[in-house]
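Colleague: Predicted model follows, preceded by the sequence.
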Amino acid sequence: MTSQTFNILDRKVGAGEPPYLIAEMSANHNGSLERALRIVDEAARAGADAIKLQTYTADTMTLKVDAPGFVIDDPDSLWHGRHLYDLYEDAHTPWDWHEPIINHARALGLACFSSTFDETAVDFLESLGVPAYKIASFELVDLPLVRKVAATGKPMIMSTGMASLAEIDEAVRAARDAGNRSIVLLKCTSTYPASPEHTNIATIPHLRQAFGTMVGLSDHTMGCGVSVAAVALGAVLIEKHFTLARADGGVDSTFSMEPHELRQLREEADRAALAVGNVTYGGGASERTSKSHRRSLYITRDLAAGETIDQSAIRAIRPGHGLPPKFLDTLIGKTVKRDVGRGTPVTWDLLA
């Protein structure tokens, strides 16, 4: 079985904890280290637990060739018509920026880790002492990479994206066989942006049951509604792309959250997690005084000792200090053993 709680730095991740909130910087630095550091500042102010980078170069991702498959031909893609190599060249975070970003995040109390896309990136990130790793949904089928990351012994967050159950099983087994039990699987829809109707967060409890892991959501939808609903279904971790302002443009800006939206997500996700609670019936401690506002049986006119209770002498009203209304028919025709005034709650010791 996978560990059902683990720590990333000093922050516990798991059921019963506030949802772990990752602000994904991705390419929203727009080629500026200064902007990248400002993104870290705003993520900390908004209440994120972590800032996440992506560690690759264009050369570790693809080839610079004009051949089929190396140009994005999906007409619905944000990046339609772009060469993969050029896209990754624009979007990558320079490796010499990682250390200052990581250090800045730590100074603000944020964890900073990365999606790693090849083995050289893992070695580089290990040299920087990152506290966790992300396996992106497109890399989930790269089992040698999964094993390499798992062997670090650090928490692994793996997006499932387009993966079949069999492919997810292979990745989880590869991580466990390499000795890693600190795994969170993320439900993820690999479209950018994603629509709520294609997000299928009902998969979250199924993933948890199928693989015995903690589960979260990598959310590419707009707003925070889908993420909040995911928390209600048991997501312990939420990842959202994050930028200073969508109007600034950039590769990922269209589907990224702005600071005020991330702050709202922090508040609403925490509320959702608190609201899930436990299976309870009968009212909790906070509802104890509310029971007095239920209807109960009361005497509605003065009765002398020995007088019979008829329909005109008893009624179900508020407050709730008398017998429950279910005893109304039983009490009709009974006699009282002492004088009873109007407004007296009916109790068994009134009866002769």
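Modeller: Ah, there it is.
Colleague: which non-adjacent residue is nearest Gly320?
Modeller: Counting by Cβ to Cβ, 6 or more residues apart in numbering, the nearest residue to Gly320 once its immediate chain neighbours are dropped is Arg294, at 3.6 Å. The way it works is simple: take the backbone N, C-alpha and C, and place the C-beta from them, glycine included.
Colleague: my bad, should have said Phe117
Modeller: Closest to Phe117 by Cβ to Cβ, 6+ apart is Tyr56, at 4.1 Å.
Colleague: count of residues packed around that neighbour?
Modeller: Residues lying near Tyr56 (other Cβ atoms under 10 Å) number 23.
Colleague: Tell me who's in contact with it.
Modeller: Residues in contact with Tyr56 (Cβ atoms under 8 Å, 6 or more residues apart in numbering) are Tyr88, His92, Thr116, Phe117, Asp118, Ala121.
Colleague: and it, what pLDDT?
Modeller: Looking at Tyr56, its pLDDT reads 95.
Colleague: Return the distance of His206 relative to Asp96.
Modeller: Distance from His206 to Asp96, counting by Cβ to Cβ, to the nearest Å: 42 Å.
Colleague: So these two - more neighbours on which side?
Modeller: Neighbours were counted for His206 and for Asp96 using other Cβ under 10 Å; His206 has more, 14 against 8.
Colleague: separation between that one and Thr57?
Modeller: Between His206 and Thr57 the computed distance is 37 Å (Cβ to Cβ).
Colleague: can you map out the helices along this structure?
Modeller: Taking DSSP state H, the helices of the chain run over residues 33-46, 58-61, 84-91, 95-107, 119-127, 143-150, 165-177, 203-211, 225-232, 259-276, 328-331.
Colleague: which parts of the fourth one are buried?
Modeller: Okay, so that is helix 95-107. Neighbour-count burial for helix 95-107, counted by 16 or more other Cβ atoms under 10 Å, picks out Trp95, Trp97, His98, Ile101, Ile102, His104, Ala105.
Colleague: mean pLDDT lowest for which of the helices of the chain?
Modeller: Here the helices of the chain differ in mean pLDDT, and the lowest is helix 84-91 at a mean of 86.
Colleague: from the chain's centre, how far out does that one sit?
Modeller: Offset of helix 84-91 from its chain centre (Cα atoms, centre = their mean, to the nearest Å): 30 Å.
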